[in-house]
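Trainee: here is a sequence with its predicted model. Questions after.
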Amino acid sequence: MLTNSAFLKGLVIQATDGELGKVEEFYFDDEIWGIRHLVVRAGSWFSGRQVLISPISITSVDWAAKQFRVNLTTKQVENSPGIDTDQPVSRQHEADLSTYYGYNYYWGGPYLWGPVYRPADAAATYPRVEDAKVSGDCHLRSSASVRGYHVDAKDGEIGHVDGFIIDDEFWNVAYIDVATRNWLPGKHVLVSPAWIDRVSWTDSKIYAGLYRDAIEKAPEYLLSRPLTREYENRLYFHYGRPPYWIREDESSLSLTGV
């Protein structure tokens, strides 16, 4: 299901033995836009500290009830490696978390979640990839920090990042919600990460491989309406791109869902 990340904030995380806390934001990797961790403000028994919860642990998603269920206990989360979300999350810390929970390293395979396509599959009986390298740069970005980035088309600025559309099956960023009110009052449009040429993290700017006129005339996205396949069809037809859901090679789904 595709959902705006605006509905993610404040959702309750339910452990197997009680409520853990509420989602504040998420971390995604800047290579294939996979959502790697939910940042959760834990309950009073954790002194309100922030913890990282992997989508691998999610067993069910109920957007209507505004809650996720995870296959973790409150004690497991309480004893998990600590995190300072004011500092960059290191690859070593991610490795420590994966080891603690018994997860595969998502960077230890060819697909979005290492040896598998979906985080739900990563929670199954796959052997750990022990030889995956822990060293190297971590590519995690905070959704809160990227929101507000300027978006440039091939021929000039067109707007800014107002949010993200997330896929709660593969747990990736499927689209960026671009607010074009810098130029067009009130209009929002969607741009797939696959249509982005590059991102300047130092300049807080995203460069789309599209022209301003094409973005300006794209089907308007409304937060108040569910994102349907009919809308996606119109979006891909408008940009002249082949829809990701008709591709036969499932491996394409490992790269930002497109």
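Mentor: The structure has been received and is ready for your questions.
Trainee: drop to CA atoms for contacts and neighbour counts, all remaining ones
Mentor: Will do.
Trainee: so the most centrally placed residue in the chain is in which element?
Mentor: What sits nearest the mean C-alpha location of the chain, by Cα atoms, centre = their mean, is residue 35, with 3.3 Å. Using DSSP states H and E, residue 35 falls within strand 35-42.
Trainee: got the contact list for that strand?
Mentor: Residues outside strand 35-42 that contact it (Cα atoms under 8 Å, 6 or more residues apart in numbering) are 13, 20-29, 48-55, 140, 171-173.
Trainee: residue 227 belongs to a helix?
Mentor: No - secondary structure assignment (DSSP: H, G, I helix; E, B strand; the rest coil) places residue 227 in coil, not in a helix.
Trainee: identify the bridge partners of the closest residue in space to it that isn't next to it in sequence.
Mentor: Spatial nearest neighbour of residue 227, chain neighbours left out: residue 2 (6.5 Å); criterion: Cα to Cα, 6 or more residues apart in numbering. Under DSSP bridges, the beta-bridge partners of residue 2 are residue 167.
Trainee: circling back: quick check: pLDDT value at the residue nearest to the centre of the chain.
Mentor: pLDDT, residue 35: 96.
Trainee: tell me the pLDDT of residue 48.
Mentor: At residue 48, pLDDT is 66.
Trainee: which residues of the stretch 151-258 of the chain fall in strands?
Mentor: 156-167, 172-179, 188-191, 196-200, 205-208 (DSSP state E, counting those that start in this stretch).
Trainee: in stretch 25-43, what's buried?
Mentor: Across stretch 25-43, burial judged by 16 or more other Cα atoms under 10 Å covers 25-30, 32-42.
Trainee: swap in stretch 51-63?
Mentor: 51-58, 61.
Trainee: and the end-to-end length of stretch 34-54?
Mentor: Length of stretch 34-54, first residue to last, Cα to Cα, to the nearest Å: 11 Å.
Trainee: and stretch 80-92, by the same measure?
Mentor: Stretch 80-92 stretches 14 Å from its first residue to its last (Cα to Cα).
Trainee: so what's the gap between the least confident helix or strand in the chain by mean pLDDT and the chain middle?
Mentor: One helix or strand of the chain scores below all others by mean pLDDT, DSSP states H and E: helix 119-122, with a mean of 86. Relative to its chain's centre, helix 119-122 lies at 15 Å (Cα atoms, centre = their mean, to the nearest Å).
Trainee: elements contacting that helix?
Mentor: For helix 119-122, not one helix or strand is in contact under the criterion 3 or more Cα pairs under 8 Å, 6 or more residues apart in numbering; DSSP states H and E.
Trainee: state the mean pLDDT of the next helix or strand along the chain from it.
Mentor: Using DSSP H and E, the helix or strand that follows helix 119-122 in sequence is strand 140-142. The average pLDDT for strand 140-142 rounds to 90.
Trainee: show me the contact partners of the helix or strand that strand 140-142 is followed by.
Mentor: Following strand 140-142 in sequence order, the next helix or strand is helix 143-146 (DSSP H and E). Residues outside helix 143-146 that contact it (Cα under 8 Å, 6+ apart) are 25-28, 161, 204.
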